[in-house]
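[1] dropping the sequence and predicted coords here.
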Amino acid sequence: MKTHYPTDLELINQYLEGEYSCLEELINRHRSRIFTYIFLMVKDNHLAEDIFQDTFIKVIKSLHAGKYHEDGRFISWVMRIAHNLIIDHFRKKKRMSILHSDDYSNQFLFDSCNSSLNVEEDSVQNQISKDVRNLVDELPPDQKEVVILRHYIGMSFKEIADFTNVSINTALGRMRYALINLRKLIKEKNICLSVQ
């Protein structure tokens, strides 16, 4: 017998009918992707937590106001809310460059999970991860965003296109140019991204 996992829409409807635990299930279902996106944009754990909470406060208000219309893209809708809150935050701080970063270091995202690595290999892997993150930081904002959404958040190109309000071909093109630019940067900086 198959277990029925409720869809996002079913959870939303049950929540609006008074089943408040459904909201917790919905948040837990999407927490990792949304928090990761926010953190990668703001580079500060406490700020990311604040924006994550503000995002779901806005989601709750919008749901009660009937502003969400099911089209199968709940996660994209929530991430757009988060994105707008990030922009608002930096506007208030008069810092419009939301994609500048010195470090992505967060054990939640970049923990070396392979316990079979010895200390030296682990150190090399950490350096490779740091080099890749630094290279991604040097990409133009639209290319950087698609790399983050695809490789760190795990969104499909359709989800990326919906989230960024562009066509799938544009999202694919941005990824293509991002990869071309990353290869150029690797060559220019003479960086080795493999364990010798």
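    It's in. Numbering: from 1, shown residues only.
[2] C-alpha only now, for contacts and for neighbours.
    Noted.
[3] show me how far the strand or helix carrying Lys61 is from its chain's centre.
    Here Lys61 is covered by helix 45-64, with elements defined by DSSP states H and E. Between the mean C-alpha point of helix 45-64 and the mean C-alpha point of its chain there is a distance of 15 Å (Cα atoms, centre = their mean, to the nearest Å).
[4] can you tell me the centre-most residue of the protein?
    The residue lying closest to the centre of the chain (Cα atoms, centre = their mean) is Tyr37, at 2.3 Å.
[5] I'd guessed it sits against Ile148; true?
    Yes: using Cα atoms under 8 Å, Tyr37 is in contact with Ile148, at 7.5 Å.
[6] helix, strand or coil for the nearest residue to Gln14 once chain neighbours are set aside?
    Leaving aside its chain neighbours, Gln14 sits nearest to Cys22 (6.5 Å; criterion: Cα to Cα, 6 or more residues apart in numbering). At Cys22, secondary structure determined by DSSP: H, G, I helix; E, B strand; the rest coil is helix.
[7] now do the contacts for Cys22.
    For Cys22, the contacting residues are Leu11, Ile12, Gln14, Tyr15, by Cα atoms under 8 Å, 6 or more residues apart in numbering.
[8] scan those and report the most crowded one.
    With neighbours defined as other Cα atoms under 10 Å, the most crowded of the contacts of Cys22 is Ile12; it has 23 neighbours.
[9] quick one: the helix or strand hosting it to helix 45-64, angle?
    For Ile12, the host element (DSSP H and E) is helix 8-16. Counting by axes from the mean of the first three to the mean of the last three Cα atoms, to 10 degrees, helix 8-16 lies at 80 degrees to helix 45-64.
[10] now helix 8-16: average pLDDT?
    Helix 8-16 shows a mean pLDDT of 90 in the predicted model.
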